[in-house]
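Engineer: here's a sequence, model it:
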Amino acid sequence: MPLLSDTMKEGVIAEWHKKVGDTVKSDDVIADVETDKATMEVMPYVDGTLLYIGVEKGKGVPVNGIMAIIGKPGEDFQAILDADKNNAPKPAAEATPAPQTAAAPAAPVAAAPAPAQQAPPVAQPVSNNTDERLKASPLAKKLAEEKGVDINNVKGSGDNGRVIKRDVDSYTPAAAPQAAKSAPVAQYQPVGAEGYTDAPLSQIRKIIAQKLSGSLFSAPHFYLTMSITMDKAMDARKAINDISPVKVSFNDLVIKACAMALRRHPEINSSWMGDFIRQNHHIHIGTAVSVDEGLIVPVIKFADQKSLSQIADEAKSLIDKARSKKITPPEFSGNTFTISNLGMMDIDEFTAIINPPDSCILAVGKIAPTPVVENGAVVIRQIMKITLSCDHRVVDGAVGSKFLQTLKAHLENPVTMLA
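Structural biologist: Residues are numbered from 1 along each chain as shown. Sure, this is the predicted structure:
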């Protein structure tokens, strides 16, 4: 297993393109190997017959471990395996677990909704008269009037049903009829069942977890946010693309502006080395790119010395290589500063974790029309928010702020990048 990146410990076989007994040439791709940064093609460098495959697809091989043996047909290779087993330290290569899906119990049968309750019968007022003549004593009538009682609703206990004083005194109005209760909501019955899928970790995802958790918990981060007015940058980009041989993106403008600002503020272009700080004289800017397995950071080297068209052309080529798994280790290593741009994903602003060995990373949000106050009047400007994450062991707040001021000046007046 060759060393395919500077941080690689082992490679996982993503795919075998040859089988035992096949004739191979030195420039044949025999396997795809997934490293901690990318999936890369492996060639044998010699002609011969594939005699032995040491590990199946999906399993790992430590660097310099035996992944295959190529030789002459019928050649005895057991001595090679014995020597490797007896002499070479061989870390255990764990098989990547296959995705598992939790078994789901049978879905319960949905219960029928409970029937609606019937409304109680409405109480009817009691009346002791069926004709127009009311049988009530004058005292009862007067008392009912004083109490606000409808004497027609009072049942009389006197002769022939005549209403008397004690009937009014003991009268209790019938309770007002209540509105019918609404039917209860039918109880929800889930259609499916709880479940989950376990996905194996790719080598890239493992190294992202190791590097960024180490960065966040070891480097004391602080964050500086600034708003950039991009109206002139938008006009400049349109004019540039009218004559440029390649399309220049807003991210290309940010790369160029950062490179020129780093030239003015070399403290940002530095690395924490434990017992000293390394200030880099070269400016290599990495740009985070999303791939299926996670993130990879192609690097534009000597970005301060390149034109916008050269940056745009190189960035497009590197991004295409990263997404097609054709990128090589020199193309995704050596960064001294990193940019993470989520503006195209409609993100307003965010903070990013520093990408070692850098001391800073710039998080770039979307460009959006925003009301701002200029000379006492409200106007609409195209605003982009950026946030600089800084390692406080290397960069102080004032240093980071001065860098952002220079970056702002370049982006708000792009002609300064062409001088």
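Engineer: do a quick rundown of the helices in this structure.
Structural biologist: 78-87, 138-147, 165-169, 203-218, 231-243, 250-264, 308-323, 397-412 (DSSP state H).
Engineer: quick one: closest of the ones you listed to residue 369.
Structural biologist: helix 231-243 (9.8 Å; C-beta to C-beta). Bear in mind the C-beta positions are built from the backbone N, C-alpha and C, glycine included.
Engineer: residues making contact with the closest one?
Structural biologist: By C-beta atoms under 8 Å, 6 or more residues apart in numbering, the surrounding residues in contact with helix 231-243 are 247-250, 253, 308-309, 367, 381-382, 411-415.
Engineer: the inter-axis angle of that helix versus helix 397-412?
Structural biologist: 50 degrees (axes from the mean of the first three to the mean of the last three C-alpha atoms, to 10 degrees).
Engineer: and helix 231-243, C-alpha only, in CSV?
Structural biologist: Taking Å, rounded to 0.1, in the frame of the first residue of the first chain, the C-alpha atoms of helix 231-243 are listed here in CSV:
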residue,chain,number,x,y,z
ASP,A,231,-22.2,46.5,-5.8
LYS,A,232,-18.9,47.5,-7.5
ALA,A,233,-17.6,43.8,-7.3
MET,A,234,-20.8,42.7,-9.2
ASP,A,235,-20.2,45.4,-11.9
ALA,A,236,-16.5,44.5,-12.1
ARG,A,237,-17.2,40.7,-12.4
LYS,A,238,-19.6,41.4,-15.3
ALA,A,239,-17.0,43.5,-17.1
ILE,A,240,-14.3,40.9,-16.5
ASN,A,241,-16.4,38.1,-17.8
ASP,A,242,-17.0,40.0,-21.0
ILE,A,243,-13.3,39.6,-21.8
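Engineer: just the mean pLDDT for it, thanks.
Structural biologist: Regarding helix 231-243, the rounded mean pLDDT is 96.
Engineer: for that helix, buried residues please.
Structural biologist: 233, 236-237, 240 (16 or more other C-beta atoms under 10 Å).
Engineer: check stretch 138-150 too.
Structural biologist: 140, 143-144, 149.
Engineer: now do that stretch: everything it contacts.
Structural biologist: Residues contacting stretch 138-150 (C-beta under 8 Å, 6+ apart): 125, 134, 136, 151, 154, 163-165, 167-169, 171, 173.
Engineer: returning to what we had before: could I get the buried residues of helix 231-243 as CSV with distance to residue 79?
Structural biologist: Formatted as CSV, the buried residues of helix 231-243 follow (distance: C-beta to C-beta, whole Å):
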residue, distance to residue 79
233, 66
236, 67
237, 64
240, 64
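Engineer: who wins for neighbours among the contacts of stretch 138-150?
Structural biologist: residue 163 (26 neighbours; other C-beta atoms under 10 Å).
Engineer: wait, that one sits on residue 135?
Structural biologist: Yes - contact criterion C-beta atoms under 8 Å: residue 163 and residue 135 qualify, at 6.6 Å.
Engineer: mind pulling up the pLDDT for the residue sitting furthest away from the middle of the chain?
Structural biologist: Largest separation from the mean C-alpha position in the chain: residue 159, at 88.9 Å (C-alpha atoms, centre = their mean). We have a pLDDT of 73 for residue 159.
Engineer: before we move on, back to that, tell me the one among the buried residues of helix 231-243 nearest to residue 353.
Structural biologist: residue 233 (26.7 Å).
Engineer: which parts of the stretch 101-250 of the chain are strands?
Structural biologist: 197-198, 221-229 (DSSP state E, counting those that start in this stretch).
Engineer: can you give me the first-to-last residue distance of stretch 32-45?
Structural biologist: Using C-alpha to C-alpha, to the nearest Å, one end of stretch 32-45 lies 15 Å from the other.
Engineer: so what touches it?
Structural biologist: Contacts for stretch 32-45 (C-beta under 8 Å, 6+ apart): 1-2, 4-5, 7-9, 11-15, 17, 24, 26-31, 67-68, 70, 202-204, 206-207, 293, 296, 322, 325, 327-329, 332.
Engineer: spit out the contact partners of residue 19.
Structural biologist: For residue 19, the contact set (C-beta under 8 Å, 6+ apart) comprises 50, 53.
Engineer: what separation do you get for it and residue 51?
Structural biologist: Residue 19 is 11 Å from residue 51, where distance means C-beta to C-beta, to the nearest Å.
Engineer: and the residue farthest from the centre of the chain, how far is that from residue 169?
Structural biologist: 18 Å.
Engineer: what's the closest of the strands of the stretch 101-250 of the chain to residue 394?
Structural biologist: Among the strands of the stretch 101-250 of the chain, strand 221-229 comes nearest to residue 394, with 11.4 Å by C-beta to C-beta.
Engineer: same for that closest one, what does it pack against?
Structural biologist: Other helices and strands packing on strand 221-229, by 3 or more C-beta pairs under 8 Å, 6 or more residues apart in numbering; DSSP states H and E, are strand 377-391, helix 397-412.
Engineer: got a markdown table for these, with mean neighbour count, mean pLDDT and distance to residue 215 too?
Structural biologist: Output for the helices and strands packed on strand 221-229, formatted as a markdown table (neighbours: other C-beta atoms under 10 Å; pLDDT from 0 to 100; distance: least, C-beta to C-beta, whole Å):
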| stretch | mean neighbour count | mean pLDDT | distance to residue 215 |
| --- | --- | --- | --- |
| strand 377-391 | 18 | 97 | 8 |
| helix 397-412 | 18 | 98 | 17 |
